[in-house]
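Enquirer: What follows is a predicted protein model with its sequence.
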Amino acid sequence: MKKVEQQIINQAIEQRKQAGMSQMEVSIKLGITYNVMYLFEAGKKQVTIDFISKLNEVFGWEFDVKISNN
C-alpha cells in the first residue's frame, strides 16, 4: 500500500471514531457493504477518488495528505 493511501485510511478511521460511528454505520450511509468498508480500513481494498469524494459528500470529512517521492 502506498504512503498516501495509508494517510487517507488513517484519517478516515480517526474521523469515523471522532464521530462515534462504527464501520457498519458508515457503510450504510455510504451505500456500501460492511465488508467493503472493512477492506478499505484494513488496507486490503484500494482507496479511490470516488470513495474519498463520497466520504466528503456524506460526512464532510476532509483529508490532508502529503505527496512526496521519499
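Expert: Here it is on my side, so go on. Residues are numbered from 1 along each chain as shown.
Enquirer: count of neighbours near residue 48?
Expert: 11 (other Cβ atoms under 10 Å). In this view, the C-beta of every residue, glycine as well, is placed from N, C-alpha and C.
Enquirer: residue contacts, residue 45?
Expert: 36, 39 (Cβ atoms under 8 Å, 6 or more residues apart in numbering).
Enquirer: what kind of secondary structure is it in?
Expert: coil (DSSP: H, G, I helix; E, B strand; the rest coil).
Enquirer: Name the nearest residue to residue 66, sequence neighbours excluded.
Expert: Leaving out its chain neighbours, the residue that sits closest to residue 66 by Cβ to Cβ, 6 or more residues apart in numbering is residue 7, at 7.2 Å.
Enquirer: Quick check: chain neighbours aside, which residue is closest to the residue nearest the centre of the chain?
Expert: Nearest to the mean C-alpha position of the chain, by Cα atoms, centre = their mean, lies residue 12 at 4.1 Å. If the residues on either side of it in the chain are set aside, residue 12 comes closest to residue 55, at 6.2 Å by Cβ to Cβ, 6+ apart.
Enquirer: And for residue 22?
Expert: residue 16 (8.0 Å).
Enquirer: residues near that neighbour, how many?
Expert: There are 19 residues near residue 16, going by other Cβ under 10 Å.
Enquirer: Quick check, it in contact with residue 27.
Expert: No: using Cβ atoms under 8 Å, residue 16 makes no contact with residue 27, being 10.4 Å away.
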